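Novice: sequence first, predicted model second:
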Amino acid sequence: MITLQSVSKLYVSGRGHIQALSEISFTAEEGQGIILVGRSGSGKTTLLNCIGTLEIPDSGAIFYNGTDICRLSLRRRTLFRRREMGFVFQAANLLPWLTVAENLQFPLELNGIRGKAQRGRIEELLATFGLAGYEKALPVELSGGESQRIAFARAIAHAPAILLADEPTASLDTSTGKQLVELMITLCRTKGTTLFIATHDLELLAMADRVGLSLMIILATSGGCAYRYYLGMHGPSIKESPQVHNNSLTDDSQCLGCHLPKNGSSEAPPTSHPHFKGCLACHNDPLR
């Protein structure tokens with residue numbers, strides 16, 4: 001289980017002060033899928049980076065099984081990432097001088113999986129992703145879809161507890177992207193891996209719900225605020241809430257889950273909509 005408590009992140013640049021995250025709080029259970037949906041610059045990647053300890057939030061805490069991973073030493077954060085995290089990026093980021101098998105071998109070596117167990121795991125991954133016989137191929141010899149499948153296989157090779165995927169379909173055609181994400185969601189569901197995906201693609205929501213993944217959708221908005229919706233195992237039924245929120249939604253024309261009107265103005269969250277579950281910044285949550 002991973003819990004975020006009042007996580008905030010501010011950047012200072014030539015454009016001034018940019019509030020990427022503002023008091024974000026939520027809990028992701030083992031085997032749960034979390035899809036981060038929002039416009040470019042809304043904080044999706046920053047949130048993934050903080051969860052993955054690639055960045056440290058300015059304030060707040062991130063707990064993994066009771067340990068605040070933000071307070072770990074640099075060495076312990078590195079070991080945490082190596083053992084507990086898997087990363088899938090927009091680009092495959094395969095090591096170009098290594099073969100497919102050697103790219104898959106890399107995280108296994110780092111985690112002490114060697115010999116017969118290592119060879120068996122590599123064979124299992126290649127078979128699972130439909131790439132048996134590709135062991136000696138170099139990344140330059142692969143298609144975009146094949147490269148991303150190998151990147152995903154590498155990310156889960158050591159059986160991480162948490163998988164972070166940042167726009168994993170951005171460089172793929174629609175059909176290949178859907179196949180990859182469907183495989184990603186299905187495997188994570190069967191293995192009990194907690195999955196975070198940042199995306200612009202609303203089709204992912206339908207895919208996740210179709211395979212029965214317990215799903216929380218976070219709509220990131222400019223200014224670091226975020227709203228959440230639940231689908232899948234959480235069910236659509238909620239209580240009404242008279243409370244309103246003082247930040248505006250990036251897009252309040254449709255629900256990301258069912259595409260019904262949100263029944264809310266741009267100045268208040270759509271608390272009357274069956275999928276709305278509250279603001280992650282001010283904790284206006286009808287379930288509480």
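Specialist: Received it, and whenever you're ready, just let me know what you need.
Novice: rest of the way, CA atoms for contacts and neighbours
Specialist: OK.
Novice: got any ranges where this structure has weak pLDDT?
Specialist: Counting by pLDDT under 70, the chain contains low-confidence ranges at 202, 205-288.
Novice: beta partners for the residue nearest the centre of the chain?
Specialist: Residue closest to the mean C-alpha point of the chain, counted by Cα atoms, centre = their mean, is residue 196 at 1.8 Å. With DSSP bridges as the criterion, the beta-bridge partners of residue 196 are residue 34, residue 164.
Novice: and stretch 127-134, how far apart are its ends?
Specialist: 10 Å (Cα to Cα, to the nearest Å).
Novice: contacts for stretch 61-69?
Specialist: 1-7, 51, 53, 70, 77 (Cα atoms under 8 Å, 6 or more residues apart in numbering).
Novice: quick check: the farthest pair among these?
Specialist: 6 and 77 (20.2 Å; Cα to Cα).
Novice: who's more crowded, those two?
Specialist: Of the pair residue 6 and residue 77, residue 6 is the one with more neighbours under other Cα atoms under 10 Å, namely 20 against 17.
Novice: nearest residue to the more buried one other than its sequence neighbours?
Specialist: Computed as Cα to Cα, 6 or more residues apart in numbering, the closest residue to residue 6 that is not its neighbour in sequence is residue 23, at 3.9 Å.
Novice: doesn't that neighbour lie inside a helix?
Specialist: No: Residue 23 is assigned strand when assessed by DSSP: H, G, I helix; E, B strand; the rest coil, not a helix.
Novice: and the closest residue to residue 97 other than its chain neighbours, how far from residue 126?
Specialist: Closest residue to residue 97 apart from its sequence neighbours, by Cα to Cα, 6+ apart: residue 138 at 7.2 Å. Computed as Cα to Cα, the residue 138 to residue 126 distance reads 14 Å.
Novice: then residue 169?
Specialist: 20 Å.
Novice: got it, and residue 157?
Specialist: From residue 157 across to residue 126, the span is 10 Å (Cα to Cα).
Novice: and if you look at residue 44?
Specialist: Using Cα to Cα, one gets 30 Å for the distance from residue 44 to residue 126.
Novice: okay, those two: which has more neighbours?
Specialist: Counted by other Cα under 10 Å, residue 44 and residue 126 do not tie: residue 44 has more neighbours, with 27 against 20.
Novice: related to what we said a few turns ago, pretty sure the residue nearest to residue 97 sits against residue 101.
Specialist: No: using Cα atoms under 8 Å, residue 138 makes no contact with residue 101, being 9.1 Å away.
Novice: number of residues surrounding residue 79?
Specialist: 14.
Novice: tell me which element it falls in.
Specialist: helix 74-84 (DSSP states H and E).
Novice: which residue ranges of the chain form helices?
Specialist: Ranges of helices in the chain, per DSSP state H, are 44-51, 74-84, 100-110, 115-128, 144-156, 174-191, 203-210.
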